[in-house]
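Visitor: what follows is a predicted structure for the sequence shown.
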Amino acid sequence: MSLYAIADTHLSFGTNKPMDSFPGWNDYTGRLCKNWNKLVTDEDYVVIAGDISWAMNFDELVADFDFINELNGKKIILKGNHDYWWNTVKKMNEFLSANKFDTISILHNNSYDFDGFSVCGSRGWFFDSSESQDEKVLNREVNRIRMSIESASNDEKIVFLHYPPVTTDDCCKEILNLLKLNGIKKCYYGHLHGIAAKYAIDENADGIDFKLISADRLNFTPYLIKKF
């Protein structure tokens with residue numbers, strides 16, 4: 001049994017916003033399906049760290065979740081900045097149940113415990129801003145990450161975020177300090193694409209191993225986090 005991860009799948013089966021026109025994104029859904037099912041078995045888990053679908057609502061989301069649900073393994077999903085369909089946990093779980101999306105689970109103010117480790121996470125926040133709106137969003141995301149970490153039962157807690165908490169030229173001190181305070185050793189994130197990926201940190205910083213897992217960065221292949 002293994003844990004994999006990927007971010008930024010940007011599916012659009014229910015909307016007219018395909019990513020194929022962007023460099024490196026040609027036939028991305030076909031490549032993702034082939035690479036995913038070649039690696040992942042039905043016993044495995046895959047964290048999808050945000051920007052899952054371009055859908056604006058549940059009606060537009062059905063086709064994208066049909067695609068995800070049929071991929072091998074069980075999926076744990078968290079919110080990205082473009083997941084406008086995201087709703088309350090109650091409404092999302094009702095949507096999953098009504099459509100028999102039985103391989104998909106929500107990571108939101110909670111965690112998932114496995115043998116010897118726990119999966120934690122939230123969307124996170126990217127900017128260090130003094131504007132009140134940004135401060136409110138940041139504080140909310142810090143609390144969500146804290147709640148997720150505190151809900152985990154295992155000592156080893158692997159954190160997944162959508163926004164990078166640190167880049168080569170910036171840092172979200174509040175989130176980074178929270179990770180350090182809780183002894184987090186591994187953090188995976190998405191959001192950065194194309195030229196922006198040059199700002200990614202794929203190494204140890206402040207005692208934490210960081211890794212960018214956006215789909216194009218991984219050549220649309222889920223990244224192995226851990227075998228257990």
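Guide: All right, it came through fine.
Visitor: below-threshold pLDDT in this structure: ranges please.
Guide: For the chain, applying pLDDT under 70 flags the ranges 127-133.
Visitor: at 50 instead, please
Guide: 131 (pLDDT under 50).
Visitor: top helix in it by residue count?
Guide: helix 132-151 (DSSP state H).
Visitor: what sits up against the next helix or strand after that helix?
Guide: Counting by DSSP states H and E, the next helix or strand C-terminal to helix 132-151 is strand 156-161. Under the criterion CB atoms under 8 Å, 6 or more residues apart in numbering, residues 3, 5, 47, 49-50, 78, 107, 111, 116-124, 145, 148-149, 175, 179, 182-190, 225-226 lie in contact with strand 156-161. For every residue, glycine as well, the C-beta is placed using N, CA and C.
Visitor: helices - which of the residues you listed land there?
Guide: Using DSSP H, these in helices are 145, 148-149, 175, 179.
Visitor: who's in contact with the longest helix of the chain?
Guide: So helix 132-151 is in contact with 107-111, 120-125, 127, 129, 157, 159, 161, 172, 174-175, 178-179, 182, 184, going by CB under 8 Å, 6+ apart.
Visitor: now restrict these to buried residues only.
Guide: 107-108, 110-111, 120-125, 157, 159, 161, 172, 174-175, 178-179, 184 (16 or more other CB atoms under 10 Å).
Visitor: who's in contact with the residue nearest the centre of the chain?
Guide: Closest residue to the average C-alpha location of the chain: residue 49 at 0.6 Å, with CA atoms, centre = their mean. Contacts for residue 49 were tallied using CB under 8 Å, 6+ apart; they are 5-8, 78, 80, 121, 160-162, 188-190, 213.
Visitor: from residue 225, how far off is it?
Guide: Distance from residue 49 to residue 225, counting by CB to CB, to the nearest Å: 11 Å.
Visitor: mutual contacts of those two, please.
Guide: 5, 188.
Visitor: report the contact partners of residue 72.
Guide: Per CB under 8 Å, 6+ apart, neighbours of residue 72: 36-37, 40-42, 44.
Visitor: in this structure, what residue spans correspond to strands?
Guide: According to DSSP state E, the chain carries its strands in the segments 2-6, 45-49, 74-78, 104-106, 112-113, 117-122, 156-161, 186-189, 204-205, 208-212, 223-227.
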